[in-house]
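Asker: return a 3D structure for these sequence lines:
(chains A and B)
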Amino acid sequence: MSVPPLQPEYGADEIGAIVLDPGYSVTRAGFAGEDVPKSVIPSYYGHLSDEKPFLFDDNAINNPLPGLDIRNPMASDSTVEDWDTASKLWEYAITSRLTGPKQASALRNGLNDPPQNGEDVDMDDVENNEAPLSEKPLLMTEPGWNSAKNREKSIELAMESWGAPAFYLARSPVMNSFASGRPTALVVDIGASTTSVSCVHDGLLLKKCTQKSSLAGNWVSDQLRLIFNAAQPPVPLTPHYLVAAKQQVDAGESAKATLRSFAAPPLASFRRLQEERVLTEFKETCVQVWNPARTPNNASLANSADYLKTNDVGKPFEFPDGYNNVFAADRYRAVEGLFDPAASADPAAAPVQKSDTLPALLAAALAAADVDLRPLLLANVVVAGGSSLIYGLTDRVSYELAAMYPSSRVRIVAPGMTVERKYAAWIGGSILASLGSFHQMWISKKEYEENGAALVEKRCK
Amino acid sequence: MARAHDCQETVNLSTWNPQSLPRHRRAEAVRPSPPHLPVATFARPSREVRDMLGLGPADQAQQKRPSKKAKAATKRPGERQPPIPIVAAPKQYKAKLQKSNENVRWRETSFVNPARRDALQLKHWVRTILDAPAVQPPTQTIPAPPTGEGEKPEAEQDTSETPAITTHDAKPTPPQTDEYRFTQYNLQADPPKYTDEEYSTHLVNSRWSREETDYLMELYKDFYGKWPLIVDRWEFQPVTKVEPGTSESESLQSASRSMEDLKSRFYEISAKIMAVRTPVSNMTAAEFEDHEKMIKFNPEAEAKRKRAADTLQHRSAEDRKEEEYLVAELRRIWNHQDRFAAQLKELRERLDHSLTDDKGQAGSFSTHAEIFALYQKVVANHDKNRKRRPDGSGNTASPANAASGRGNENAAQLKRQSTGGQGASGPSHRQLGPRQEQRFGVTTVQERNTPGVAFRSDKLAKIRQAKSQAQTKKIADVLAELGVPEVIQMPTDSVTVAMESLVAKVHLLLEARKDDTPDISSRPGTRNGKRSASELSESSNTATKRQRK
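Answerer: Next up, the predicted model:
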């Protein structure tokens, strides 16, 4: 083994690679070396009719067109389910804001030449020129539990459909830890549809430690729906697009709003997406994670009703139709099920498995890790993902870990900037793809042609 | 093959700042990038920024290294130094933009990474000087083996500072024409290699098949010898032989193996191959050490250690607190023991010294008086040895309350008082406050005493004596009448003082009686006399009370 260089050297060497980080709710794409993705589009798309099957981007999917159906190409575990649509969606994410549709020169593309011998136009050449990524290496992220079949499909898509000169598939937990500058980390990623806990050792994922559950951002929204329905009187959840005009009402009074009526309304999935936007706002402004360390005797949320009455003034929230109220204990209950199954919104109707809660995931991941590695992992707990921005979540994670391993030092690494938390995996990919020492890792087109798609299993470990 | 993690290991990503990267992409049309712009955004552009801009090393004269003190202040133990030192930059006037006459362009050039076998061409932006004579494009370069010298000066500059605003007097570095500079990070693990013959003669193990051993070596190489990863990705599928000749018992265990299992097999092979290549007698010291380490690897002990570490990690907060308390307590006991042993040793040395001088035997000192005499002699000897100055301030210790709870520590205090007070009292001499003096029973005797140690009870005996026998008898009578015992058992300081005042009053009384013997009843002095007798009884009461105390 040769002698490693003594001085750690800053090693950026940009090659203009494109980093693509598909998620269940949002797809992020941008150039490597930049600090935020340039192209952030929703992973949801609109399906209007067979003539207009794909409507991408914010403007299209939030427009209440008649018969508009909102769909998502991703499966609920953040892997890709519908590859055809996903490829179109990603292509849109890349071409709409990053590369632009590549057009061959009209003089040379052969389309305008007079047909010489019937149809002798070299279409292959035309297609190569119009492949969206013909000049840019592509780095894609994938969840830690992605199947081998899905991985091969990714490389086929990049190489054959998009004509990328080089490709790499990076695991998103590793990218999360890179974004925080840690080669070894315990990564807690709370996204829209999946919460995962994984261990990263020296820049590589420990597969056997990876744990995931479906208690994530969308689940919190569902909890909120349950809480709103169970409230007396029920809290109406009217999305913005239905409200034509509203009047100011007192807190807790029923809303006085004139609603719009549609002759041909969009489908239910559209309304659900719009409700989701209201709930997202509610989650951002009101929902908070209960921290037992706040009370003198570390009381759980169920036992702190009195404490909340005296010490928590609650937070006001106004819905699009003008209904407004102050939410005190409910804003804690919406997310408490993530930690305590018994404290979820409606344990009877929507039970939460204890093994799906975050403490259980953390315990399982750490138990699977080597004993000697555990103190190192606990000292580098990276919290990432959009739903991890729920207020007080990092404190609670820290509390739970300290309770689990009282004799170890627990240190949470969670960037304060929301952008860095939401796009952590993309940022990690941006770092990786712009490193000079990484460029030997790309799977080049030549290698792909020689070895086939199975090379991705060997190279992208 | 490359290491995925080496980019992590060798490059400090925590220092990564996306803004530091030049935004080449804005230059769709090739245009000269104004060199002052990106530099000026940094107070102290790091060498990498300079590198990317192709500015070359900073002017040595302008380089300002932080002082040692500043470095020590900013550096925390166990942490890498911050990428941009937290040292206030000296105030500088904004330098004028100095335009160089060179025709500098940023060009997108393709390059080849020699670590790759497929000659993939990637493009990056390189600063080129158009007027410069014939710079061959980097694509034509042939990867050369690393010399290891080209990078050294760069590495040294890495820690050095560059001034806030750079002038372009320094020659810009020519575009990279030599080897791709990140090749140096391409490190590979090299597991031991063995031939079929070597395997069959040395390495056969009943618990490992040849295939599984090969798989282990392959995984070791793939995961750069990181054992947690090797264990994590261990998915060995033995080739199931369906041939009828092989029995079930022959199929080797294929389930997940523990890290200790893998390590012991790997070290076993490494050590054996090492010994085969170089006999143990011919090994260098370092090789021998490695060999010893690998031979001595004990998987059972390792597994046991891990189990212990596991339980240690899972102990509760109370357990941890209790353990901390016990450790602190133990440390206290040890400290105390050490101090006590040192004191004892010193005392023994003193006693032994005088004994050898006297050629006497310890057994001969049987009575109290003899031991006392010996002790005085020892002390006198000791003082003589230390060339005591007759400064008159002879502090003597009162060993009175040796029976109190903190006897040992008191003794230590007292000894320090008595010895430290003698010679030129060093820094160990401590002034005690009145409360402490009372607590430790330290008294400062004003009147001049006989040298050496004197018992306070002697003083009490002395004050009972009068000049004449009859007077002594009279005093004894009065004292007996008052109920003061012959021997005062606890002659503390206060008791002695009270006793002294009592005896003084007795003297007064006897004096008065002597004068008034003829008409004891007619004179008012008798009343006085009676009154003084009652006063005496009062004071004797206080004396006895104090004694009881």
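
Asker: quickly note the distance from B:L510 to chain A.
Answerer: B:L510 is 74 Å from chain A, where distance means Cβ to the nearest Cβ, to the nearest Å. Any C-beta I mention is one placed from the backbone N, CA and C, and that applies to glycine too.

Asker: tell me the buried residues in the host helix or strand of that residue?
Answerer: Element membership for B:L510 (DSSP states H and E) is helix B:493-516. Applying a neighbour-count criterion of 16 or more other Cβ atoms under 10 Å in any protein chain shown, one finds B:493, B:495-496, B:498-499, B:502-503, B:505-507, B:509, B:513, B:516 buried in helix B:493-516.

Asker: tell me which two of the residues you listed sit farthest apart.
Answerer: B:D493 and B:D516 (35.0 Å; Cβ to Cβ).

Asker: just the CA coordinates of the one helix or strand B:V379 maps to, formatted as CSV?
Answerer: Per DSSP H and E, B:V379 falls inside helix B:368-385. Taking Å, rounded to 0.1, in the frame of the first residue of the first chain, the C-alpha atoms of helix B:368-385 are listed here in CSV:
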residue,chain,number,x,y,z
HIS,B,368,6.6,6.3,80.4
ALA,B,369,9.5,8.4,81.7
GLU,B,370,12.1,6.5,79.8
ILE,B,371,10.2,6.8,76.5
PHE,B,372,9.7,10.5,77.2
ALA,B,373,13.4,10.9,77.8
LEU,B,374,14.1,9.1,74.6
TYR,B,375,11.7,11.3,72.7
GLN,B,376,13.3,14.4,74.0
LYS,B,377,16.6,13.2,73.0
VAL,B,378,15.4,12.3,69.5
VAL,B,379,13.9,15.8,69.1
ALA,B,380,17.0,17.4,70.4
ASN,B,381,19.0,15.4,68.0
HIS,B,382,16.8,16.3,65.1
ASP,B,383,16.9,19.9,66.0
LYS,B,384,20.7,19.8,66.2
ASN,B,385,20.8,18.1,62.8
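
Asker: now do the same for that helix: mean pLDDT, whole number.
Answerer: On average, the pLDDT along helix B:368-385 is 76.

Asker: which strands or helices does that helix pack on?
Answerer: helix B:317-358 (3 or more Cβ pairs under 8 Å, 6 or more residues apart in numbering or on different chains; DSSP states H and E).

Asker: would you map the helices across the stretch 151-300 of chain A?
Answerer: Taking DSSP state H, counting those that start in this stretch to define them, one finds helices in the stretch 151-300 of chain A at A:172-179, A:217-230, A:268-285.

Asker: tell me the phi and psi of B:K263?
Answerer: phi -60, psi -40 (degrees, to the nearest 10).

Asker: that one: neighbouring residues, count only.
Answerer: When neighbours are counted by other Cβ atoms under 10 Å in any protein chain shown, B:K263 registers 19.

Asker: related to what we said a few turns ago, the buried residues of helix B:493-516 into CSV, with extra columns for pLDDT?
Answerer: Listed next are the buried residues of helix B:493-516 as CSV, based on pLDDT from 0 to 100:
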residue, pLDDT
B:D493, 78
B:V495, 85
B:T496, 84
B:A498, 87
B:M499, 88
B:L502, 89
B:V503, 89
B:K505, 90
B:V506, 89
B:H507, 88
B:L509, 88
B:R513, 84
B:D516, 66
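
Asker: mind listing what the closest residue to B:S316 other than its chain neighbours touches?
Answerer: Once flanking residues are discounted, B:S316 sits nearest to A:P406: 6.0 Å by Cβ to Cβ, 6 or more residues apart in numbering or on different chains. Contacts for A:P406 (Cβ atoms under 8 Å, 6 or more residues apart in numbering or on different chains) come out as B:315-317, B:320.

Asker: ok, and the helix or strand in chain A with the lowest average confidence?
Answerer: helix A:123-130 (a mean of 51; mean pLDDT, DSSP states H and E).

Asker: quick one: whatever helix or strand comes next after that one near chain B?
Answerer: Remark: after helix A:123-130, the chain's next helix or strand is strand A:138-142, criterion DSSP H and E. No: Strand A:138-142 lies apart from chain B when judged by Cβ under 8 Å from any Cβ of the partner chain; the minimum separation is 12.3 Å.

Asker: so which elements touch strand A:138-142?
Answerer: Using 3+ Cβ pairs under 8 Å, 6+ apart: strand A:138-142 touches strand A:18-22, helix A:148-156, strand A:166-171, helix A:172-179, helix A:424-433.

Asker: give me the contact list for the last one.
Answerer: Same thing as helix A:424-433. In contact with helix A:424-433 (Cβ under 8 Å, 6+ apart) are residues A:15, A:17, A:19, A:21, A:23, A:28-37, A:137, A:139, A:141, A:168, A:170, A:172, A:174-180, A:189, A:382, A:384-385, A:415, A:420, A:438, B:7, B:13, B:16, B:18.

Asker: which regions of the chain sit below the pLDDT cut-off?
Answerer: Since no chain was named, I'll use chain A. A:1-10, A:101-106, A:108-131 (pLDDT under 70).

Asker: I was after chain B.
Answerer: In chain B (pLDDT under 70), the answer is B:1-86, B:131-178, B:240-255, B:353-367, B:383-430, B:445-451, B:516-549.

Asker: so how far is the longest strand along chain A off the chain centroid?
Answerer: Counting residues, the longest strand in chain A under DSSP state E turns out to be strand A:204-213. For strand A:204-213, the separation from the chain centroid amounts to 17 Å (computed by Cα atoms, centre = their mean, to the nearest Å).

Asker: only C-alpha atoms, please: export it in CSV.
Answerer: Output in CSV follows, covering the C-alpha atoms of strand A:204-213 (Å, rounded to 0.1, in the frame of the first residue of the first chain):
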residue,chain,number,x,y,z
LEU,A,204,-19.8,3.6,2.9
LEU,A,205,-23.2,2.4,4.0
LEU,A,206,-23.6,-0.3,6.6
LYS,A,207,-26.5,-2.2,5.0
LYS,A,208,-27.4,-4.3,7.9
CYS,A,209,-27.9,-1.3,10.2
THR,A,210,-30.4,0.4,7.9
GLN,A,211,-33.8,0.8,9.4
LYS,A,212,-36.8,2.4,7.9
SER,A,213,-40.5,3.1,8.7
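
Asker: thanks again, I'm all set now.
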